[in-house]
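S.K.: Next input, structure requested:
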Amino acid sequence: MSDRYGRDVLSNDPHRRRVVEPRSIPADVGLVVECASSGFCGAVIRVEKTTSGLAAELEDSSGSRRLFPMVTGAFLLDGEPVTLIRTQVTGAAGAGRSAPARRSASGSRFVADARAQVARASRIWVEGSHDAELIEKVWGHDLRVAAIVVEPLHGADHLVAALREFGPRRDRRVGVLLDHLVPGSKETRLATEARAAFAPDVEVVGHPYVDIWQAIKPQALGIERWPTVPRGQPWKSGVIDGLGWRVSEQQAWSRILSRVTDYSDLEPDILSRVEYLIDFVTASG
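M.R.: I've put the predicted structure just below:
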């Protein structure tokens, strides 16, 4: 007598759910995916090695960036679970496949052979020359592509007067980056006055650091943290003393700036503020 059920009655169970392995998708720069566990959605910026394996950095529509492990089924593409894999480059190991797009120091897509163009009327203002030099080093390529000029105010005390002289308007916007923009500070009062007088053609944002030096991660300098400067002592000279450097303020800044390679050497606070201002002034048309 034949066994019509076979040797295993569960082997052909039509109600058993079939497990499907997620598709593997190359982590091409610009690919928009969602992290399945957190819901963070953004475009792939780069892939890097970490202590726990490969990870993809995503940038969302607001400019926020986060790093996610490239484990099996960790991402969603159009709602479908997928596994991101490293993009193969051209050459003997991957003939016929495209190389990852070149990135600027800010992490944005590098525009090769960008034509020189007349600067927009809109401007980004920063407090001093050190701020301008740091922004140029990290965002210089992006600013040239967007035709935006960064100008130092050489102090924020005359911000409102400078804006009045400049005459902001819809096609002549000003984005301002201030140091030490924290509750109760002089900078916060100045920012409030400027916004009230010139909105919507002026935007003032800031970072919480005493000086732009602190916007650089201390690890970029090979130190654990920035020195603590006693109240009442000039901050920059206090930092120089705390680091044990026998140099002038400008020499110290040159040494610090030389340690900055790209956006990964800066604190997230400064990254989001500068990129917001670039978007603000370029939206003027």
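
S.K.: okay, CA-based contacts and neighbour counts for the rest of this
M.R.: Noted.

S.K.: chain center to the helix or strand encompassing residue 192, what's the gap?
M.R.: Taking DSSP states H and E as the definition, one finds residue 192 inside helix 186-198. Put simply, helix 186-198 sits 25 Å off its chain's centre (Cα atoms, centre = their mean, to the nearest Å).

S.K.: ditto for stretch 40-54
M.R.: From the chain centre to the centre of stretch 40-54 is a distance of 14 Å (Cα atoms, centre = their mean).

S.K.: What mean pLDDT does it get?
M.R.: Per-region confidence: stretch 40-54 scores 80 on mean pLDDT.

S.K.: what's the answer for stretch 241-248, then?
M.R.: Rounded mean pLDDT across stretch 241-248 is 93.

S.K.: got it, and stretch 63-70?
M.R.: pLDDT averaged over stretch 63-70 gives 85.

S.K.: One more: stretch 147-157?
M.R.: 91.

S.K.: Beyond the helix or strand containing residue 143, next helix or strand please.
M.R.: Using DSSP H and E, residue 143 sits in helix 129-146. Remark: after helix 129-146, the chain's next helix or strand is strand 149-152, criterion DSSP H and E.

S.K.: what's the angle between the helix or strand following that next one and helix 186-198?
M.R.: For strand 149-152, the succeeding helix or strand toward the C-terminus, using DSSP H and E, is helix 159-166. Interaxial angle, helix 159-166 versus helix 186-198 (axes from the mean of the first three to the mean of the last three Cα atoms, to 10 degrees): 30 degrees.

S.K.: buried residues in helix 159-166?
M.R.: Neighbour counts using 16 or more other Cα atoms under 10 Å place 159-160, 163 of helix 159-166 among the buried residues.

S.K.: now the residues you listed in a markdown table, with distance to residue 202?
M.R.: Below are the buried residues of helix 159-166 laid out as a markdown table (distance: Cα to Cα, whole Å):
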| residue | distance to residue 202 |
| --- | --- |
| 159 | 11 |
| 160 | 11 |
| 163 | 9 |
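
S.K.: between these, which is closest to residue 49?
M.R.: Distance to residue 49 across the buried residues of helix 159-166 (Cα to Cα) is lowest for residue 159, with 44.3 Å.

S.K.: I'd like to know how far the closest one sits from residue 200.
M.R.: 16 Å (Cα to Cα, to the nearest Å).

S.K.: residue ranges with poor pLDDT in this protein?
M.R.: Where the chain drops to pLDDT under 70, the residues are 1-19, 62, 87-102, 109, 111-117, 284-285.

S.K.: how about the helices of it, start to end?
M.R.: With helices called from DSSP state H, the chain shows them at 129-146, 159-166, 186-198, 235-243, 249-258, 268-282.

S.K.: Okay, angle between the helix holding residue 143 and helix 268-282 too, please.
M.R.: Taking the same axes, to 10 degrees, one finds helix 129-146 and helix 268-282 inclined to each other by 50 degrees.

S.K.: counting contacts, what elements does helix 129-146 pack onto?
M.R.: With contacts taken as 3 or more Cα pairs under 8 Å, 6 or more residues apart in numbering; DSSP states H and E, helix 129-146 sits against strand 149-152, helix 268-282.

S.K.: Give me the buried positions along that helix.
M.R.: Counting neighbours by 16+ other Cα under 10 Å, helix 129-146 gives 130-146 as buried.

S.K.: swap in stretch 201-211?
M.R.: Here stretch 201-211 shows 201-209, 211 as buried, counting by 16+ other Cα under 10 Å.

S.K.: Those residues in strands, which ones?
M.R.: Of these, the ones assigned to strands by DSSP state E are 202-206.

S.K.: Quick check: of the residues you listed, which lies closest to residue 185?
M.R.: Using Cα to Cα, residue 206 is the member of these that lies nearest residue 185, at 11.5 Å.

S.K.: Show me the beta-bridge partners of the nearest residue to residue 33 once chain neighbours are set aside.
M.R.: Leaving aside its sequence neighbours, residue 33 sits nearest to residue 77 (Cα to Cα, 6 or more residues apart in numbering; 5.2 Å). Beta-bridge partners of residue 77, counted by DSSP bridges, are residue 80.

S.K.: Let the chain start at 45 from now.
M.R.: Got it, the first residue is 45 from now on, which makes the last one we talked about residue 121.
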